[in-house]
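In: Just the structure for this:
(2 chains)
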Amino acid sequence: MAFLDNSGDIILDAVLTDLGRQRLADGTAGSSTIVKFGLGDDEINYGTYDLAHPSGSAYYDLEIMQTPVFQATTATNANINYGLLKLTDTSLLYLPAISLNDGKLAVAVKRYVNMIYLCVNDETWRKVTSADTTTGPTDMKGIGTALQVANASTPFVILESGLDTFEIAATSANRSSYLVSPGLVDNTFTIMADSRLITRVGSLIPSSYLRNDDVNYVTEDLRLGFTTTTGTSDNLENYNSFTVRGINDGITEPATSGNDNDISAIKGPRGTLGGLNFDVPAELKTIAGGTTAREFSQYGTVNADLFSLGGSVAKYDYIDTTVYIMGDNSSATLQLPVRIIRYHGT
Amino acid sequence: MAIKNYQHISPTTDVTTTRTLLHEAIPLTGTIYFYQTGAYVESNIKNYTHGMFQSVYDYPYLSSSANHIFDLTACYAGTSALSSSTSVQNAKKINMYTEFAQTLLGYTGSLVDPAKEVRYFENDLSLDGVGKMREVFVVNFSRLLAKDQIKKGSFSMTVGTGSWHNAFIHPARKLITVTDASSSADGSGITNTLGGDMGILYSNKDFGSQPTRQPSTRTLSMPCGALFYQAGIAVLTASLFSGSIVTGSIPTGHKNAFYRSPSATNIFRTVTETLTSSAISAACDAIRHRIGNISFNNTTEINSKIYFCRVPHNMFNYSANPTYLTGSKIRVKNNASDSPVAYITTVGLYNSSNELLAVAKLSEPIRKDPTNDITIRVRLDY
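Out: Down below sits the predicted model:
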């Protein structure tokens, strides 16, 4: 994928994607009809926008305007991953971000070495978290360090959407002004996961809630349900999209005592909160001694001393994958590295 | 990842279609298929066991990088005087003629008419049965070269009508140029046949059966074949090369023979004898050694759909690009009252299911802020 020649007039390099060609070949009514467009700026690094340029505002975007642009590719991914937003309010100074709660709440799973561990069965979960004997890393001891597939009880992934800045106080009034009024509250999240490895995604049930009080005491009833049973094909190859619910994130700056940042990953006004767990194909769930699924050898590693425990303490099969999360109103994104892990034996 | 912000494209006001004809010059030099540094180029030539035609490549054909250029065959009609049970490959030569004729010209009369017969190639546009070419050489060009069709009025082929030894420099024979100069892209000088548009090929010098033809200084325009533009097929009458073999003490190479057998027996044949007594592949060798440069323009028909992607002034001024924020603060603004700005590098075209069907990339970023609206014209060629 070379760069486009930007030495002369602006040119436009247009190609049909492989999916576009497939839809043309299908001939299914409407599937090959273009009805809308979206805009992307994936090559741009806005970090080079220099608001303090000594030569003035005409030079703020000097670096950006010189950014070389790649040729179009036929792959549906690697073209527009984020996109420009249609927000019409020109007075916005802040936009929401999505953050992983990462163990700040008791119900939230905590990453281990920047990854979420997803155990394919109870045996693996007990081994990884050393519930019985030390068969996992010391840092993973305890129930909050790994997910167990298709398990609606804790722990699970908690993600929060809101303004991740200390410049605006996390009050209800600011939530209303900065998030609700401009339409930046993510009532749903789109979860994009590898369809070969993840078959279902669990979501918070509607009655779930989370709030704190003036002394930062947390009241919550966060429960997961696997009602999201099917995914739809996504523009990422081999990926499916799932929609999960976002509930109001009721964590605010406590009026009397305590620090709301101890329980929330968002620094400023919070919008919504989502909960996630995953299910994997049945063949991946076999216990030690059972058949090791082909996927582990094809996409991952088998029979490895993953935690460097030495000897024959515990060997694991694992596959690393990435789950992409996007807020449906804010278009904020989060990448979640997930390690699907199975206890192989000693 | 899937994006969430789309703008509708109106099928009535934002979409239009166009048709463009693209032409490429195709020069084929004789060195590819004829003569190269003192020897005939035979490694580029593929003959088949069925022996009905010969394929010409631009490179030794066994190489994976070789491109098919054209096929050659020699044939005659069943009613030709050359048709005889004693003629070599008589049935195959007739079959080849019939195949070309019925595909390109069709039959006379209705299908149930017992007197119907395949139309003959003719040296005029009238297809009235006058000027029949019953013995022909056929050059059918690969679609790789001809693409959708040969551009009318652009075809030119030099043909050596001299003796077999070197048909181009023989002092007593002629180097002629065959063109479709009377045909025009505006449709004049062509007729419509079953095989598409047909034009007439003309020789720029006279030809005939004179045994000692001299180079002509006159500019002539004698019909000598037909050209089917969409099919990419040139038909040359065998009479271009008619003549008698000169006997006597002149050098062997200058006997005016159309063909010399490569075997040690040194059999010399006129074009008539070649068509009756030689295999198709041998006749193809003979004609191939007489074809010099060929040039034409091909045509590719491009149907385009143009989408006018109209970006309103008040939309697409913010970005979901991860670098757009520091914390949650927008990098390109100091104050809330500052105008937002984003930069467009890519346009994605989607169907109603949000599937990305086409992508267009701008060669440089375009600044988008609330003070401007932009229309990006995306053309997709089919």
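In: excluding its backbone neighbours, what's nearest residue 50?
Out: I went with chain A, as the question did not name one. A:Y60 (5.6 Å; CB to CB, 6 or more residues apart in numbering or on different chains). Yep, even glycine has a C-beta here, placed from its N, CA and C like the rest.
In: should've been chain B
Out: Using CB to CB, 6+ apart, the nearest residue to B:H50 is B:K92, at 7.8 Å.
In: ok, residues contacting the helix or strand hosting the one you found?
Out: Taking DSSP states H and E as the criterion, B:K92 maps to helix B:90-104. Helix B:90-104 has contacts (CB atoms under 8 Å, 6 or more residues apart in numbering or on different chains) with B:50-53, B:73-78, B:80, B:83-84, B:87, B:118-121, B:134, B:136, B:138, B:193-196, B:198, B:228, B:231, B:233, B:235, B:275, B:280.
In: Now intersect those residues with the helices, please.
Out: B:275, B:280 (DSSP state H).
In: buried subset of the contacts of helix B:90-104?
Out: Buried members of these, scored by 16 or more other CB atoms under 10 Å in any protein chain shown, are B:51-53, B:73-77, B:80, B:83, B:87, B:118-121, B:134, B:136, B:138, B:193, B:195, B:198, B:228, B:231, B:233, B:235, B:275, B:280.
In: quick one, helices of the stretch 251-382 of chain B?
Out: Applying DSSP state H, counting those that start in this stretch to the stretch 251-382 of chain B gives helices spanning B:271-277, B:280-288.
In: possible to save those as CSV with mean pLDDT and distance to A:P155?
Out: Formatted as CSV, these follow (pLDDT from 0 to 100; distance: least, CB to CB, whole Å):
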stretch, mean pLDDT, distance to A:P155
helix B:271-277, 92, 89
helix B:280-288, 92, 79
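In: so where is the chain shaky, pLDDT-wise?
Out: Using chain A. A:1, A:78, A:154, A:227-234 (pLDDT under 70).
In: my question was about chain B
Out: Looking at chain B by pLDDT under 70, you get B:31, B:33-40, B:111, B:166, B:169-174, B:208-220, B:244-255, B:262-265.
In: center of it, which residue is that?
Out: Nearest to the geometric centre of chain B sits B:A146, at 2.1 Å (CA atoms, centre = their mean).
In: surely that one meets B:G232?
Out: Yes. With contact defined as CB atoms under 8 Å, B:A146 and B:G232 form a contacting pair (3.3 Å).
In: Do a quick rundown of the strands in the stretch 151-300 of chain A.
Out: A:157-162, A:188-194, A:200-204, A:209-212, A:218-221, A:224-225, A:232-233, A:239-245, A:247-248, A:270-279 (DSSP state E, counting those that start in this stretch).
In: As TSV, those strands with mean neighbour count and distance to A:D260 would be great.
Out: Output for the strands of the stretch 151-300 of chain A, formatted as TSV (neighbours: other CB atoms under 10 Å in any protein chain shown; distance: least, CB to CB, whole Å):
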stretch	mean neighbour count	distance to A:D260
strand A:157-162	29	11
strand A:188-194	23	22
strand A:200-204	25	20
strand A:209-212	18	6
strand A:218-221	14	10
strand A:224-225	20	24
strand A:232-233	15	36
strand A:239-245	21	23
strand A:247-248	18	15
strand A:270-279	27	9
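In: how about these, which one is nearest A:G30?
Out: A:G30 sits nearest to strand A:232-233 of all the strands of the stretch 151-300 of chain A, at 15.9 Å, using CB to CB.
In: how about the residues of the stretch 201-350 of chain B that lie near chain A?
Out: Within the stretch 201-350 of chain B, the residues that sit near chain A (CB under 8 Å from any CB of the partner chain) are B:307, B:309, B:311, B:314-337, B:339-350.
In: May I see the PyMOL selection of the buried members of the residues you listed?
Out: Of those, the buried ones go into a single PyMOL selection, burial set by 16+ other CB under 10 Å:
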select buried, chain B and resi 307+309+311+315+316+317+318+319+320+321+322+324+325+328+329+330+331+332+333+340+341+342+343+344+345+346+347+348+349+350
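In: Pairing partners for the lengthiest strand in chain B, with directions?
Out: Longest strand in chain B, counting residues (DSSP state E): strand B:291-311. Using DSSP bridges, strand B:291-311 pairs in its sheet with strand B:15-28 (antiparallel), strand B:149-150 (antiparallel), strand B:156-160 (antiparallel), strand B:374-381 (antiparallel).
In: Comparing those strands, which comes out most buried?
Out: strand B:149-150 (a mean of 24; mean count of other CB atoms under 10 Å in any protein chain shown).
In: Contacts for that one next, please.
Out: By CB under 8 Å, 6+ apart, strand B:149-150 touches B:141, B:196-197, B:227, B:229-230, B:232, B:296-299.
In: check contacts around B:D373.
Out: B:310-313.
In: out of those residues, which are buried?
Out: B:310-311.
In: Specify which member of the contacts of B:D373 is nearest to chain A.
Out: B:V311 (6.9 Å; CB to the nearest CB).
In: Which residue is the nearest non-sequential neighbour of the closest one?
Out: Spatially, and ignoring its direct neighbours in sequence, B:V311 is nearest to B:I374 (4.4 Å; CB to CB, 6+ apart).
In: cool, and A:L12?
Out: B:A360 (5.1 Å).
In: and that neighbour, bridged to which residues?
Out: Going by DSSP bridges, B:A360 forms beta bridges with A:A14, B:V347.
In: burial measure for it, as a count.
Out: B:A360: 23 surrounding residues under other CB atoms under 10 Å in any protein chain shown.
In: Settle this for me: it is touching B:T345, isn't it.
Out: No. B:A360 is beyond contact range of B:T345, at 10.0 Å (criterion: CB under 8 Å).
In: For the residue of the stretch 101-250 of chain B found nearest chain A, list the residues it contacts.
Out: Closest to chain A within the stretch 101-250 of chain B is B:D148: 18.9 Å, counting by CB to the nearest CB. Shown in contact with B:D148 (CB under 8 Å, 6+ apart): B:230, B:298-301.
In: at 6 Å what do you get?
Out: Neighbour list for B:D148: B:299-301 [criterion: CB atoms under 6 Å, 6 or more residues apart in numbering or on different chains].
In: what does A:Y49 give?
Out: Taking CB under 6 Å, 6+ apart as the test, what A:Y49 contacts is A:60-61, B:331-332.
In: Next, count neighbours for the residue nearest to B:N334 when sequence neighbours are not counted.
Out: Among residues not flanking B:N334 along the chain, A:L51 sits closest, at 5.7 Å (CB to CB, 6+ apart). Number of residues near A:L51 (other CB under 10 Å) recorded here: 11.
In: Against B:F316, how distant is A:L51?
Out: 21 Å (CB to CB, to the nearest Å).
In: just B:L72 next, same as before
Out: Here B:L72 is placed at a distance of 59 Å from B:F316 (CB to CB).
In: Next up, phi/psi of residue 69, please.
Out: Picked chain A for this. A:V69 adopts backbone torsions of phi -110, psi 140, taken as degrees, to the nearest 10.
In: if you could check chain B rather than the one you did, that'd help
Out: Torsion angles, degrees, to the nearest 10, at B:I69: phi -100, psi -60.
In: Tell me which other helices or strands the helix or strand encompassing A:R126 touches.
Out: Here A:R126 is covered by helix A:122-128, with elements defined by DSSP H and E. When contacts are defined as 3 or more CB pairs under 6 Å, 6 or more residues apart in numbering or on different chains; DSSP states H and E, helix A:122-128 packs onto strand A:333-345.
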